[in-house]
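Peer 1: sequence-free structure coming up:
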């Protein structure tokens, strides 16, 4: 009976984590540059299943009594763009991330909903200053131009800097933070990024798919909870019968 408890309980924990990630995707469906996250489920305690018949055990198959969250993967597939009239808005097409210097660390992000601070630097509100290849990117005002390859020119057409657009290497460890921020231990600059000014990248959240997965996860959670109640009732009956005998 204990195995039944472990199986049902592990299923509840996995589905709860799944619901959390789906809810986060739905919540961020309008967040600029947000990337969908998906729970990848795995198992442990792999066992052989046997049946005792005619005074001997016969193998009838294999089973995994407990499940767990193996990893939560991020879907980096691109999504559509929308044009804006805000000169500080920028979108990346294809690979790459903008780099933003936060208070404690440097972040990668696809969120190009930038602004300007009181000192004339390009910033991502609430996070920090946007980085160029030479450091914090100073633009001075709204009359500046960003070319498709990330070159920044001031109102007089003079070169200022180039946006620092990087991509984590295949062997890098990349971690997700809140608000679509990421950090990595190994990234390299992109030679030919594609940047659009006065444009934003939509979140790659498919709402129809997310709601379908939400319903599925809720039903799985309910099934696991029902199974746990059933196992508990069987244990109670077994204890009652044992006390009688």
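Peer 2: Thanks, I have the structure now. Predicted, not measured: the structure shown is a model, and the values here were computed from it.

Peer 1: contacts, neighbours, all on C-alpha from now
Peer 2: OK.

Peer 1: Show me the helices in the chain, by range?
Peer 2: Taking DSSP state H as the test, the helices found in the chain are 2-27, 207-244.

Peer 1: same for the shortest one, what does it pack against?
Peer 2: Based on contacts counted as 3 or more Cα pairs under 8 Å, 6 or more residues apart in numbering; DSSP states H and E, the elements that helix 2-27 packs against are strand 37-44, strand 66-74, helix 207-244.

Peer 1: averaged over its residues, what pLDDT does it have?
Peer 2: Mean per-residue pLDDT for helix 2-27: 83.

Peer 1: what angle separates that helix from helix 207-244?
Peer 2: Angle of helix 2-27 versus helix 207-244, following axes from the mean of the first three to the mean of the last three Cα atoms, to 10 degrees, is 160 degrees.

Peer 1: So which bits of helix 2-27 are buried?
Peer 2: Within helix 2-27, the residues that qualify as buried by neighbour count (16 or more other Cα atoms under 10 Å) are 4-5, 7-19, 21-22, 25-26.

Peer 1: I'd assumed residue 204 was in contact with residue 28.
Peer 2: No: taking contacts as Cα atoms under 8 Å, residue 28 lies outside contact range of residue 204: 9.7 Å.

Peer 1: Can you report how many residues neighbour the closest residue to residue 189 other than its chain neighbours?
Peer 2: Closest residue in space to residue 189, ignoring its immediate chain neighbours: residue 166 at 4.1 Å, by Cα to Cα, 6 or more residues apart in numbering. As a burial measure, residue 166 scores 20 neighbours (other Cα atoms under 10 Å).

Peer 1: okay, now the domains of this protein?
Peer 2: Annotated domains of the chain cover 2-76+205-244, 88-201 [automatic domain parsing].

Peer 1: out of the ones you listed, deepest packed?
Peer 2: domain 88-201 (a mean of 18; mean count of other Cα atoms under 10 Å).

Peer 1: Low-confidence ranges, this structure, go.
Peer 2: For the chain, applying pLDDT under 70 flags the ranges 1-5, 42-68, 70, 232, 235-245.

Peer 1: Nearest the middle, which residue of it would you pick?
Peer 2: Taking Cα atoms, centre = their mean, the centroid of the chain lies closest to residue 37, which sits 3.5 Å from it.

Peer 1: thinking it is in contact with residue 23, fair?
Peer 2: No: applying Cα under 8 Å as the test, residue 37 and residue 23 come out as separate, 10.3 Å apart.

Peer 1: hey, what's the residue nearest to the centre of the chain bridged with?
Peer 2: Beta-bridge pairing for residue 37 (DSSP bridges): residue 74.

Peer 1: returning to that earlier point: could you export the helices of the chain to JSON lines, including columns for distance to residue 187?
Peer 2: Below are the helices of the chain laid out as JSON lines (distance: least, Cα to Cα, whole Å):
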{"stretch": "helix 2-27", "distance to residue 187": "26"}
{"stretch": "helix 207-244", "distance to residue 187": "31"}
